[in-house]
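Undergrad: Have a look at this prediction, sequence included:
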Amino acid sequence: DIDFNIRCGNTLVGYATQKELETGIAYSDFFTAEEFRNKVTEEMEKVSLTYDVFKTVQLTQAEDMSAFKRAKYDLKVRLATLNDLLNHQMYGSVSSTVDYDAWLSSHQPFHWLAEFYEIINDHGGFDVIIGNPPYVEYKDIKNVYEIKGYESLPCGDLYAFVLERSSKLIKDSMGLLGMIVPISVYGVDGFSTIQSFLDRHFSQLYISSYSNRPSQLFSGAQKRLSIIIANNINTNRVHYTTSYYRWKKEEVSLFTARLKYIENKKAYSVFKSSLGKIGSTIEYTAFEKLISQKKTIAHLVEDKTNIPVYYTRKFSYFLSFLDEIPKIIEVRTNKTVLPSELKQLNFRDKGCSYGVIAALTSSTFFWFWNVLSDCRNMNRRDLMAFPIHPLFINESLSLAEEYLDAVKKTSHYMLKSGLKIETYSYSKQKTIIDEIDKLLASHYGFTEEELDFIIN
């Protein structure tokens, strides 16, 4: 009967396991607590037996509607009694400022231990859990309901909490977890707690990563996403990753034709919270050579000087690093305003800043950033970690000057949201960018095949 297979409630609020229930018992008096434990256990066993009767009636007395209705009614009553018991226990264990009915309405607790007692308690958990959890920040719903006891709370996003809850509901030995979540799960420092949690709970993790342009996994939803598949089939802890995929809508064979995992032995090798989106031997060997260069842009930055390189945290297909700030004019007032999220790095002299502009404009850096970041925000940590050979700075000066001169000649204005925004035709400079990548490749020791991968 579908009523007892599709069930509604808040995945994140409620007792999922026996251990959670034990932790949640708030009574200080031992005998009262023991009495409550016995009562809950008794009710759970009653629910389990009643559910068995209900299934048997459906299988053996399919035409006896009175027996079916009676068995269904008995099961509903048993579940309602058990859930009421657990709801009051949970309400009593939290310091709620609202009355019980209001708390129950806002939190809508779902007690997995009660609803699926046989699976959780006797079977050890579910064989398979799949999902597409909400991509919602916790701060946006915290005034509606609160959750407690989650290791992943510092992540501040519901999808991380759903990953944690699902991991606890799955069978330890052969269970399989599959979730579609934002790409930030393995590319942002703030998600380190859910990363370490998943690493401890699963021996094998398969992570594939997908862009939102030109096509999306969910049509119309501009989200960069990862698909996580996790299991404990192997005793060795292994991460398997893919490249960062971009594809066109008509490329319907994306999964069968292009999806390819490799064992990622360089996981967390640059940032402790960035797994790395690497999906081929060429990518792996090129990345290994790149990060073996120990000098980074961080060694060149001198915050007390004032020779700047400007950039914004958000951009589209081409990176925008310049030695001057693009003009933005309010149409209504004709006043000049600064770009949103404008950032800058300072260097000792113009030659150094030009060399850095060349390096950061390269396809090599764009790939490096794609591998390690959330592919949406250009954060300072990503820039500072980019490996760069000191000799490249002087050698790239003429290319940097040629690039900046060519870019500025394409300056034009576009109207958007009441603003005249100065923009440039970056794509027209691909030939110069390729020359910059060739120069970088000579310092990293890329093979022709690796360089071809980077450029294309």
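TA: Yes, it's here.
Undergrad: Point to the residue nearest the middle of this structure.
TA: Val185 (2.4 Å; CA atoms, centre = their mean).
Undergrad: List the contacts of it.
TA: Neighbouring residues of Val185 by CB atoms under 8 Å, 6 or more residues apart in numbering: Tyr159, Ala160, Leu163, Phe191, Ile194, Gln195, Ser226, Ile228. Using the backbone N, CA and C atoms, a C-beta is placed for each residue, glycine as well.
Undergrad: where does Ser209 fall, helix, sheet strand or coil?
TA: strand (DSSP: H, G, I helix; E, B strand; the rest coil).
Undergrad: what's the burial count for it?
TA: Ser209 has 25 neighbours, counted by other CB atoms under 10 Å.
Undergrad: Name the residues linked to it by a beta bridge.
TA: Under DSSP bridges, the beta-bridge partners of Ser209 are Ser226, Tyr244.
Undergrad: Tell me who's in contact with it.
TA: Neighbouring residues of Ser209 by CB under 8 Å, 6+ apart: Ile183, Arg224, Leu225, Ser226, Thr241, Thr242, Ser243, Tyr244, Tyr245, Lys277, Cys375.
Undergrad: Next: Ile228.
TA: Residues near Ile228 by CB under 8 Å, 6+ apart: Leu163, Leu177, Gly178, Met179, Ile180, Val181, Val185, Leu198, Leu205, Tyr206, Ile207.
Undergrad: How far does the helix or strand that contains it sit from its chain's centre?
TA: If you go by DSSP states H and E, Ile228 is part of strand 225-231. Centroid separation for strand 225-231 versus its chain: 10 Å, with CA atoms, centre = their mean, to the nearest Å.
Undergrad: And stretch 116-133, by the same measure?
TA: Centroid separation for stretch 116-133 versus its chain: 23 Å, with CA atoms, centre = their mean.
Undergrad: which parts of stretch 199-218 are buried?
TA: 199, 201-202, 204-212, 215-217 (16 or more other CB atoms under 10 Å).
Undergrad: just these now: which is nearest Lys409?
TA: Closest approach to Lys409 among these (CB to CB): Ser211, at 30.1 Å.
Undergrad: what's the distance between the nearest residue to that closest one once chain neighbours are set aside and Arg224?
TA: Leaving aside its chain neighbours, Ser211 sits nearest to Arg246 (4.5 Å; criterion: CB to CB, 6 or more residues apart in numbering). Note on Arg246: its distance to Arg224, by CB to CB, to the nearest Å, is 10 Å.
Undergrad: My read is that Ser243 contacts Thr281, right?
TA: No. In this structure, Ser243 is not within contact of Thr281 by CB atoms under 8 Å, at 11.5 Å.
Undergrad: Settle it for me: which of the two has more neighbours?
TA: Ser243 (22 against 11).
Undergrad: residue ranges for the strands of the stretch 351-456 of the chain, please.
TA: 412-416, 419-423 (DSSP state E, counting those that start in this stretch).
Undergrad: Of these, flag the one that's most buried.
TA: Highest mean neighbour count of the strands of the stretch 351-456 of the chain: strand 419-423, a mean of 15 (counted as mean count of other CB atoms under 10 Å).
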